[in-house]
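Colleague: how would this look folded up:
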Amino acid sequence: MKTTFILALLLALIPSDASAQEVAQMTKDITLVEILKKGGWVMGALVVLSIFTAILILLYFLTLRRSSVVSNRFMNASEAMIRKRDYLGLVGYCHGRREAVARVTQKTLDFLTKNPNASHPEIREVAEAEGNRQAGILTQRISYLADIGGIAPMVGLLGTVIGMIKSFMEIANGNIEGAKQLELAQGVWEALITTAGGLVISIIAMTFYSYFRGRVQNHTAELEAAGTHILALVGSQIQQGQAGSTSQPLRDDFPMRDL
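Modeller: From the prediction side, this is the model:
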């Protein structure tokens, strides 16, 4: 379809006395690489954006997984340690884990062990703050695809403007006869190809951004549920400790240590 359009464009720009055989020979040997070269230096920028987009998409497929946010192994281990009131042991265990919920648990227990007299709303506030930070990190990561989706059409439009400027300069200078018409066609090529390239990159980037945004939303919901579960377990153990021993202060349940 593109080749047919280009052929029609050349028919309109080349001299009227050119034969059909010359036009066919002109378009016969055109390859994709040559078409991209017609886009000028702007096409080089679009190629870089396309490579960056492909790398991001592959990276997100490999890293945006449920196991990077919440894992059954971590939840089972943390629940067992919380029931044993081994809070410092759980903090150390969180240091060796990469799940986002581990960061929430670590920050919460760090605050709790260093401030054993803190109220439950204060502990919840710390957990929510870290949970929001982890969710923001996930959202920020995929926002690069949205940025590319907005930048690529603008780069393509820049190529369009440059190509059209070249074309109108040829017309203004009166260089529109004979072989000069091929130079005019080159400016139109650059205009059309960069526009198409920018739109293709933008469509791909925005499509995958929408897909990964859905993934992040699901992972964020699971992170909130896991954080709420752990916080409820910790609150339950604190209440049991207070009810079971009124003679010992709460500080005994959280031995202080330089973490």
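
Colleague: Where is the longest helix in the protein?
Modeller: Ranked by residue count and defined by DSSP state H, the top helix of the chain is helix 180-244.

Colleague: Which strands and helices lie in contact with that one?
Modeller: With contacts defined as 3 or more C-beta pairs under 8 Å, 6 or more residues apart in numbering; DSSP states H and E, helix 180-244 has these neighbours: helix 2-13, helix 32-37, helix 40-63, helix 72-83, helix 100-114, helix 120-172. In this view, the C-beta of every residue, glycine as well, is placed from N, C-alpha and C.

Colleague: rerun that using 7 Å as the cut-off
Modeller: Of the remaining helices and strands, those touching helix 180-244 by 3 or more C-beta pairs under 7 Å, 6 or more residues apart in numbering; DSSP states H and E are helix 2-13, helix 40-63, helix 72-83, helix 100-114, helix 120-172.

Colleague: Can you get me a residue count around residue 122?
Modeller: Using other C-beta atoms under 10 Å, residue 122 has 13 neighbouring residues.

Colleague: Residue 145 - nearest residue in space that isn't next to it in sequence?
Modeller: residue 209 (3.9 Å; C-beta to C-beta, 6 or more residues apart in numbering).

Colleague: The one you found reaches residue 149, doesn't it?
Modeller: Yes. Under the criterion of C-beta atoms under 7 Å, residue 209 makes contact with residue 149 at 6.2 Å.

Colleague: picking up where we left off before, can you tell me the average pLDDT over the longest helix of the chain?
Modeller: Mean pLDDT, computed over helix 180-244, is 83.

Colleague: If I take that helix and helix 100-114, what angle do their directions form?
Modeller: 40 degrees (axes from the mean of the first three to the mean of the last three C-alpha atoms, to 10 degrees).

Colleague: what's the offset of helix 180-244 from the middle of its chain?
Modeller: Remark: helix 180-244 is offset 5 Å from the chain centroid, using C-alpha atoms, centre = their mean, to the nearest Å.

Colleague: picking up where we left off before, quick one, which of the helices and strands packed on helix 180-244 is nearest to residue 199?
Modeller: For residue 199, the closest of the helices and strands packed on helix 180-244 is helix 120-172, at 5.9 Å, according to C-beta to C-beta.

Colleague: Cheers, nothing more for now.
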